[in-house]
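**Student:** Just need the structure, nothing else, for what follows:
(chains A and B)
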Amino acid sequence: MTEPVNGNYRLNLMLCAGTACVSMKSFAVKKRLEEELLKHGLEKEVLVALTGCNGFCAVGPVMTVMPDGVFYHSLTEEAIPRLVEEHFLKGRPVEDLMFKPPAEESPVPLLSDIGFFANQTLVALRNRGLIDPENIDEYIGRDGYGALAKALTGMTPEEVVETIKASGLRGRGGGGFPTGLKWDFCRKTPGDTKYVICNADEGDPGAYMDRSIVEADPHSVLEGMAIGAFAIGASQGYVYIRAEYPLARKRLQIAIDQAREYGLLGDDIFDTGFSFDVAIKQGAGAFVCGEETSLIASIEGRPPEPRQRPPFPAQSGVWGKPTNINNVETWATVAPIINRGADWFAAMGTEKSKGTKVFSLVGKIKNTGLIEVLMGTPLRKIIFDIGGGIPNGRAFKAVQTGGPSGGCLPASLLDLPVDYEHLTEAGSIMGSGGMIVMDEDTCMVDVAKYFVEFTNDESCGKCSSCRDGSTALLEILNRICSGEGREEDLDLLAELCEVIKDASMCGLGQTLPNPVLTTLRYFREEYEAHIRDRKCPGKVCKPLIRYYIDPEKCIGCTTCARICPTKAITGERNKAHSIDQAKCIKCGACVEACDGIGVSAVMIE
Amino acid sequence: MSKLRVEDLERISRRVRKMTLLREGAGRAKITVHMGTCGIAAGARAIMNALMEEIEKRNIEDVLLASSGCAGLCSEEPMATVEVQGQTPVKYVNLTPEKAVHILEQHVQGGKAVAEYALGQGSERLS
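**Tutor:** Here you go, the predicted structure:
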């Protein structure tokens, strides 16, 4: 800058009048600047000064605003009116006319610096996003089927079982039963014909871990099953997958076909004398089919109803033969353990929960997605560091783990390490790994009601404790949510829950009270508010809330009145409106409309 | 294809690495569109189609176009990973066909990542 800044003016516009900028019409820009400044009465405050070349001819005409140093480039006459009005009149520098040096451009951050990726450890998801799931060669290119080769050619079935036992791997489908022990039972049961089954009947609302593994890496499941079959002495496997997962099923079928073509399924695999094949059994999407004895019944073509255990499937499973059932994630974790050894796996996680666990992180969370973390990772890390916290500035209220069989954990338990023991102790379960995050606008009684509605609907009806018990639970919860709750309902709920737990035969009935029990345990005050004060603190239960318009805030724009489906809102233009409570159906359309235009005058109480 | 022997795994592995890994000479660049159910629901097929068309139109022959499963961050789908030889892979999020073509031009052909569409660079941590 060659010309001194003139202190008599609020701003000095140092416009370049070097040859290059002049050829880019800086004089015309100067003329236009002065016209516009005059128009806004700024001629006494803002001076346009011409400078010599500042060297940045490539982006001329250039101009520096002093004293604040804002640097504009590539100015045109057309841009001047906006620039003068925005920056010199209103004091808002115009970003898109400002020059940003390339070095200051925001660089692409490292994945290892992004919370979502930095805090994950991938075992079951080791190939996610890296291979084409429809190409077996790409799986082989990442050590695929190497573990099967190692087991078949270098290990005895007993050694395979011992390795899985020593690794500490536990069932990822929810029960958390030690996988090696399960295999051992089945292996030791006498019999020439045995089966292995992959349970891909994932049915928890909000859970999609298994679907994603099968879609992204189907061979990892097949390889795990083949290793398990070798250990147990099975020659036939089934993948029981629900009909709602068409893409997973298609990719799995392609994987099976390709593995057969390579002789990785079929007779005499790797010329070792071991034969194994896999078939897909398609489920119709009944939740109870995730329960192993129901699943077996469904495979056999019978109605899916659980039966009494013992005999366990390891003793008498599909068609009465010894059968080993593990879920998708468990099977997908087998090959790396065989490849890298039990010690490698057992070094990860906590004392009794080894390795990693996949979760689907959904609900009121910024980063919805599929994650895999070390066992023992605290809830807080999962929800805030990986999940990015709660969107829209709302506060965290609860996280539901384990689906309809799990429980709701409050903010006071955010530092809970996520493993089988700690979740069970807190009244929830690991389940297959669904994690639903809820914010302060959630009603916990309504949440309990939602899950009981689900299990009530999905109960197979065999045990009256489950069938009628869930119906009775639902009646009470409905009563509380509609403002007709009674003081004694809380004790009745708790008692009923205990009975359902004790008297039901399978996991569905035994765990369906968990959402009710945990919300009673951690959010009792919300039940009490519904019953005693006839209020819904989460402002969700319609019979307990009322919409009204704050006359101080309402600008009378009529937007809400026009959008109201029952014409419950009236009022004159430019005057405060009001809602006729008799007509209001509490649909919330007015809140959305009012918030949408930034007024937010419609309130809920 | 006849039945594999154990030693065939290594042979296939070598071959597929040559065909899919840039550092082993598979090509100059690779674009992986993440096509799980979440990605497809968010529009991954349109991204794939746009890239296929554009690669053909521009006569690009040294770029691999691949599909893969969910990359994990389902709320930011459609996603794609772009690798250019000698650079770290970059994950792009919330793609549209227009953005994908822009990335093809600036990053894949021009070698300069499109920072405004990128989520991050590098690879995920395996165990």
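**Student:** Output the below-cut-off pLDDT ranges for the stretch 301-450 of chain A.
**Tutor:** For the stretch 301-450 of chain A, no stretch has pLDDT under 70.
**Student:** ok, residue A:324 to residue A:267 distance?
**Tutor:** Distance, residue A:324 to residue A:267, by CB to CB, to the nearest Å: 21 Å. The C-beta positions use only the backbone N, C-alpha and C, and glycine is treated the same way.
**Student:** cool, and residue A:163?
**Tutor:** 25 Å.
**Student:** got the residue ranges for the helices in chain B?
**Tutor:** B:6-20, B:37-42, B:44-57, B:97-103 (DSSP state H).
**Student:** Give the residue spans of the chain that score low on pLDDT.
**Tutor:** All of this is about chain A. Ranges of chain A meeting pLDDT under 70: A:1-5, A:7, A:54-58, A:100-106.
**Student:** try again with chain B
**Tutor:** The low-confidence ranges in chain B, as defined by pLDDT under 70, are B:1.
**Student:** mind running it again at 90?
**Tutor:** When residues are selected by pLDDT under 90, those of chain B lie in B:1-3, B:18-27, B:85-88, B:111, B:122-127.
**Student:** And the residue of it closest to chain A?
**Tutor:** Nearest residue of chain B to chain A, counting by CB to the nearest CB: residue B:69, 2.4 Å away.
**Student:** didn't that residue look like it was pressed against residue A:212?
**Tutor:** Yes - if you go by CB atoms under 8 Å, residue B:69 and residue A:212 touch, sitting 6.8 Å apart.
**Student:** contacting residues around residue A:33?
**Tutor:** Applying CB atoms under 8 Å, 6 or more residues apart in numbering or on different chains to residue A:33 gives the contacts A:13, A:15, A:48, A:80, A:84.
**Student:** Just the residues you listed: which are in helices?
**Tutor:** residue A:80.
**Student:** Among the contacts of residue A:33, which one lies nearest to chain B?
**Tutor:** residue A:80 (27.4 Å).
**Student:** so which helix or strand takes in the closest residue to that closest one other than its chain neighbours?
**Tutor:** Leaving out its chain neighbours, the residue that sits closest to residue A:80 by CB to CB, 6 or more residues apart in numbering or on different chains is residue A:32, at 4.3 Å. Assigned by DSSP states H and E, residue A:32 belongs to helix A:26-39.
**Student:** Tell me the residues of the stretch 301-450 of chain A that contact chain B?
**Tutor:** Applying CB under 8 Å from any CB of the partner chain, one finds that the stretch 301-450 of chain A approaches chain B through A:336, A:348, A:356, A:366, A:367, A:368, A:369, A:370, A:371.
**Student:** Burial check on the second one, number of neighbours?
**Tutor:** This points to residue A:348. 18 (other CB atoms under 10 Å in any protein chain shown).
**Student:** repeat for the first one
**Tutor:** Residue A:336 has 24 neighbouring residues, counting by other CB under 10 Å.
**Student:** Who are the contact partners of the one residue sitting closest to the centre of chain B?
**Tutor:** Nearest to the mean C-alpha position of chain B, by CA atoms, centre = their mean, lies residue B:32 at 1.8 Å. Residues near residue B:32 by CB under 8 Å, 6+ apart: A:129, A:130, B:66, B:67, B:68, B:80, B:81, B:82, B:83.
**Student:** What are the neighbouring residues in contact with the nearest residue to the second one once chain neighbours are set aside?
**Tutor:** So that's residue A:130. Spatial nearest neighbour of residue A:130, excluding adjacent residues (CB to CB, 6+ apart): residue B:68 at 6.4 Å. Counting by CB under 8 Å, 6+ apart, residue B:68 touches A:128, A:129, A:130, A:131, A:132, A:133, A:216, B:32, B:33, B:34, B:35, B:81.
**Student:** Can you pick out the most distant pair from those residues?
**Tutor:** Distance extremes for the contacts of residue B:68: the farthest pair is A:133 and B:81 at 14.8 Å, using CB to CB.
**Student:** higher neighbour count, the two?
**Tutor:** More crowded of residue A:133 and residue B:81, by other CB under 10 Å: residue A:133, with 29 against 21.
**Student:** from what I can see the more buried one touches residue A:220, true?
**Tutor:** No - using CB under 8 Å, residue A:133 is not in contact with residue A:220; the gap is 9.7 Å.
**Student:** residues in the stretch 151-300 of chain A within reach of chain B, list them.
**Tutor:** A:153, A:208, A:211-212, A:215-217, A:245, A:247-248, A:261-264, A:266, A:268, A:270-271.
**Student:** Which of these fall within strands?
**Tutor:** A:266, A:268 (DSSP state E).
**Student:** Can you say which of the residues of the stretch 151-300 of chain A next to chain B are buried?
**Tutor:** Buried members of these, scored by 16 or more other CB atoms under 10 Å in any protein chain shown, are A:208, A:211-212, A:215-217, A:245, A:247-248, A:262-264, A:270.
**Student:** mind exporting the lengthiest helix in chain A as CSV, just the C-alpha atoms?
**Tutor:** Assignment by DSSP H gives helix A:464-481 as the longest helix of chain A. Output in CSV follows, covering the C-alpha atoms of helix A:464-481 (Å, rounded to 0.1, in the frame of the first residue of the first chain):
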residue,chain,number,x,y,z
SER,A,464,-50.1,-67.2,29.1
SER,A,465,-47.7,-65.2,31.2
CYS,A,466,-46.2,-63.7,28.1
ARG,A,467,-49.4,-63.5,26.0
ASP,A,468,-51.8,-62.2,28.6
GLY,A,469,-49.1,-60.7,30.8
SER,A,470,-47.9,-58.4,28.1
THR,A,471,-51.5,-57.5,27.3
ALA,A,472,-52.1,-56.6,31.0
LEU,A,473,-48.9,-54.5,31.1
LEU,A,474,-50.0,-52.7,28.0
GLU,A,475,-53.4,-51.9,29.5
ILE,A,476,-51.9,-50.4,32.6
LEU,A,477,-49.3,-48.4,30.5
ASN,A,478,-52.1,-47.1,28.2
ARG,A,479,-54.1,-46.1,31.3
ILE,A,480,-51.1,-44.1,32.7
CYS,A,481,-50.4,-42.5,29.4
